[in-house]
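Asks: have a look at this fold, sequence not included:
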């Protein structure tokens with residue numbers, strides 16, 4: 001049996017999405033993505049599951065992006081409109097893998113997560129997380145194989161553990177936004193994703209569904225988007241209907257944050 005034990009939660013700012021939200025253990029402005037470490041930017045939280053996909057048609061993913069793509073979003077309070085954080089996502093190609101990099105920064109704090117995944121299946125092979133804040137300095141690395149092996153240092157304290165993986169395909173929580181873009185989105189489409197938190201040490205089952213089309217205006221312009229509901233999460237993503245299907249807006253109603261696209265640079 002694999003050794004699975006609780007890893008020290010890293011309390012860092014949070015305020016936006018997830019497929020990537022787990023309660024932050026600090027009063028610092030928090031986020032969809034506040035899992036174990038900084039969650040602003042991609043924190044999707046779903047109930048823990050055994051790891052098996054439900055009986056559905058095989059998941060078909062088609063990467064709509066090209067190497068060199070960069071998206072920048074602003075994270076604000078959905079109540080007051082006050083600026084909370086800056087969130088950037090970039091994608092590059094490296095041999096047979098895609099490299100997904102998320103960077104979130106708030107005053108005095110910063111987190112960078114890098115996920116390497118197969119160009120064919122988007123199944124991850126490696127995850128690296130770096131957190132710098134007044135409360136926490138942490139580095140965490142996850143290596144995907146027969147199991148997920150996690151090793152890291154939190155405020156100078158080394159930690160490690162091994163986690164059983166769900167039946168593939170599965171995806172790291174920090175790459176969920178990219179996976180949403182690669183889905184065969186259409187009116188009425190629904191599916192289930194197996195999500196693994198290499199920072200939170202959780203296995204999650206995320207149900208997503210297209211609620212229709214909506215016109216969304218952000219600082220980057222006006223887009224016709226697929227409105228994607230993350231069932232039971234209190235979170236919604238708006239993805240451009242037109243290629244390359246970039247994330248235009250992300251709402252986390254639990255965290256009361258709204259992330260909006262500010263600038264988009266397509267890859268080549």
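Replies: Structure's in. What do you need? Since we're looking at a predicted model, the values are computed, not measured. Numbering: from 1, shown residues only.

Asks: where along the chain do the helices fall?
Replies: 176-182 (DSSP state H).

Asks: buried sites along the longest strand along it?
Replies: Counting by DSSP state E, the longest strand found in the chain is strand 202-218. Neighbour counts using 16 or more other Cβ atoms under 10 Å place 202-208, 210, 216, 218 of strand 202-218 among the buried residues. (Glycine included, C-beta is placed from N, CA and C.)

Asks: and the two most separated of those residues?
Replies: Using Cβ to Cβ, the two most remote members of these are 203 and 218, lying 32.9 Å apart.

Asks: average model confidence for the longest strand of the chain?
Replies: Model confidence over strand 202-218 averages 95 on the pLDDT scale.

Asks: please compute how far that strand lies from its chain's middle.
Replies: A distance of 12 Å separates the centroid of the chain from that of strand 202-218, by Cα atoms, centre = their mean, to the nearest Å.

Asks: about what we covered before: now the buried residues of strand 202-218 as CSV including distance to residue 122?
Replies: Output for the buried residues of strand 202-218, formatted as CSV (distance: Cβ to Cβ, whole Å):
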residue, distance to residue 122
202, 19
203, 17
204, 16
205, 17
206, 14
207, 18
208, 15
210, 19
216, 25
218, 26
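
Asks: buried ones in stretch 180-194, by neighbour count?
Replies: Across stretch 180-194, burial judged by 16+ other Cβ under 10 Å covers 180-183, 185, 191-194.

Asks: what does stretch 59-79 give?
Replies: For stretch 59-79, the buried set under the neighbour-count rule, 16+ other Cβ under 10 Å, comprises 59, 61, 63-65, 69, 71-76, 78.

Asks: distance of residue 143 relative to residue 218?
Replies: According to Cβ to Cβ, to the nearest Å, residue 143 stands 36 Å off from residue 218.

Asks: do a quick rundown of the strands in the stretch 51-200 of the chain.
Replies: Using DSSP state E, counting those that start in this stretch, the strands found in the stretch 51-200 of the chain span residues 69-77, 83-94, 97-106, 109-118, 124-132, 137-144, 147-154, 157-164, 170-172, 190-197.

Asks: elements contacting the fourth one?
Replies: In this case it means strand 109-118. Judged by 3 or more Cβ pairs under 8 Å, 6 or more residues apart in numbering; DSSP states H and E, the packing partners of strand 109-118 are strand 97-106, strand 124-132, strand 170-172.

Asks: check the second one too.
Replies: With contacts defined as 3+ Cβ pairs under 8 Å, 6+ apart, strand 83-94 has these neighbours: strand 69-77, strand 97-106, helix 176-182.

Asks: next, the angle from the longest one to strand 69-77.
Replies: Between strand 97-106 and strand 69-77, the angle formed by their directions is 30 degrees, by axes from the mean of the first three to the mean of the last three Cα atoms, to 10 degrees.

Asks: quick one: strands adjacent to strand 97-106?
Replies: When pairing is defined by DSSP bridges, strand 97-106 lines up against strand 83-94 (antiparallel), strand 109-118 (antiparallel).

Asks: now the ones you listed in TSV, with mean pLDDT, distance to residue 164 and mean neighbour count?
Replies: Formatted as TSV, the strands paired with strand 97-106 follow (pLDDT from 0 to 100; distance: least, Cβ to Cβ, whole Å; neighbours: other Cβ atoms under 10 Å):
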stretch	mean pLDDT	distance to residue 164	mean neighbour count
strand 83-94	98	28	20
strand 109-118	97	19	21
